[in-house]
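>>> here's a sequence, model it:
(one chain, ligands or ions: 2)
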Amino acid sequence: MKNKLLEVKNLSKNYHTKMGEVKAIDNISFDVYEGEFLCIIGPSGCGKSTVLNILANLDDKSSGDIIQNKKLKVGYMLQEDALFPWLNILDNALLGLNIRHELTPDNIAYTKCLLEKYGLKDFLEKYPHQLSGGMRQRVALIRTLATKPDILLLDEPFSALDYVSRLSVSEDVSDIIKSEHKTVVMITHDISEALSLADRIIVLSKRPSVIKNVYEINISGNTPMERRKAKNFGEYYNELWRDLDKNV
Ligand code: ADP
Ligand code: MG
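Numbering: from 1, shown residues only. Ligands and ions are numbered 1, 2, ... in the order given. Here you go, the predicted structure:
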């Protein structure tokens, strides 16, 4: 049986601005199961980042509940890799642990092990500008994983990259996340990207966003690229496109 990691119940968020109240999300409910790759997709400005920020405890909800069966350790990764240019790759990867005062020998060894395992062995002493965009994004992911989060929240993690890098970084990220058996909630507005990665996709409407549809995704293939070539990829794509295209 699938183990429920967290439950979002009747979540709403209103922003108060000088121009008045902006209702960003309206009564959203969904569950996140252990080990799943959940994507949330929706038009630009619909409230996707708002949902993620509330899950990450970076923003307050207006109403609703987020129920966790235990206090979850959250790892959060943004669109930009957000590495510090003056820190070398190892120090950048250790930054999350450093901030949490968790720089133990075990944790440092674990971080080095992740860097080595995922192709960054020869770059520990290098600086971010010496790496490709894709490699930097891998470092950012490892920095997040180094803190051993129970759940990873990814906000459009590939959108700052060009199309070709995007494809290869999503291969890397998918590989790392599968090998490390992580639970992921990823936000995107890219239908193909969601389909190439997700076990389940939640489609949000335009703002104020409500859940329009939830899809269980059964696409064969072990990697995002293999999935993109699967027969039923196009069928799912068309369904999701219809949801988003209706624009309501
Ligand atoms: P998305 O990530 O789907 O593009 P966001 O969650 O960033 O959307 O924003 C949803 C809506 O809430 C947008 O209309 C945005 O302008 C508004 N919004 C986001 N953050 C704030 C804020 N801090 N103050 C006021 N309005 C905000
Ligand atoms: Mg956003």
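>>> the nearest residue to residue 196 once chain neighbours are set aside and ligand 1, how far apart?
Leaving aside its sequence neighbours, residue 196 sits nearest to residue 224 (CB to CB, 6 or more residues apart in numbering; 3.6 Å). C-beta here means a position set from N, CA and C on the backbone, and glycine is covered the same way. Relative to ligand 1, residue 224 is positioned 22 Å away (CB to the nearest ligand atom, to the nearest Å).
>>> for residue 173, see how far away residue 224 is.
For residue 224, the distance to residue 173 (CB to CB, to the nearest Å) stands at 9 Å.
>>> close to ligand 1: what parts of the chain are there?
By CB under 6 Å from any ligand atom, the residues of the chain that approach ligand 1 are 15, 17, 22, 24, 42, 44-50, 207.
>>> try 8 Å this time
Counting by CB under 8 Å from any ligand atom, the chain comes close to ligand 1 at 13, 15-17, 22, 24-25, 42-53, 59, 155-156, 187, 189, 204, 207, 209.
>>> is the spatially most central residue of the chain in a helix, a strand, or coil?
The centroid of the chain falls nearest to residue 154 when counting by CA atoms, centre = their mean (1.9 Å). Residue 154 falls in the strand class when you classify it by DSSP: H, G, I helix; E, B strand; the rest coil.
>>> low-confidence ranges, this structure, go.
Counting by pLDDT under 70, the chain contains low-confidence ranges at 1, 81, 247-248.
>>> and the contacts of the lengthiest helix in it?
Longest helix in the chain, counting residues (DSSP state H): helix 163-179. Contacts with helix 163-179, where a contact means CB atoms under 8 Å, 6 or more residues apart in numbering, come from 37, 117-118, 132-134, 137-138, 141-142, 145, 152, 154, 157-159, 161, 184, 193, 196-197, 223-225.
>>> again with stretch 200-220
Residues contacting stretch 200-220 (CB under 8 Å, 6+ apart): 22-30, 36-43, 45-48, 51, 194-195, 198-199, 226-227, 230, 232-233, 236, 239-240, 243-244, 247-248.
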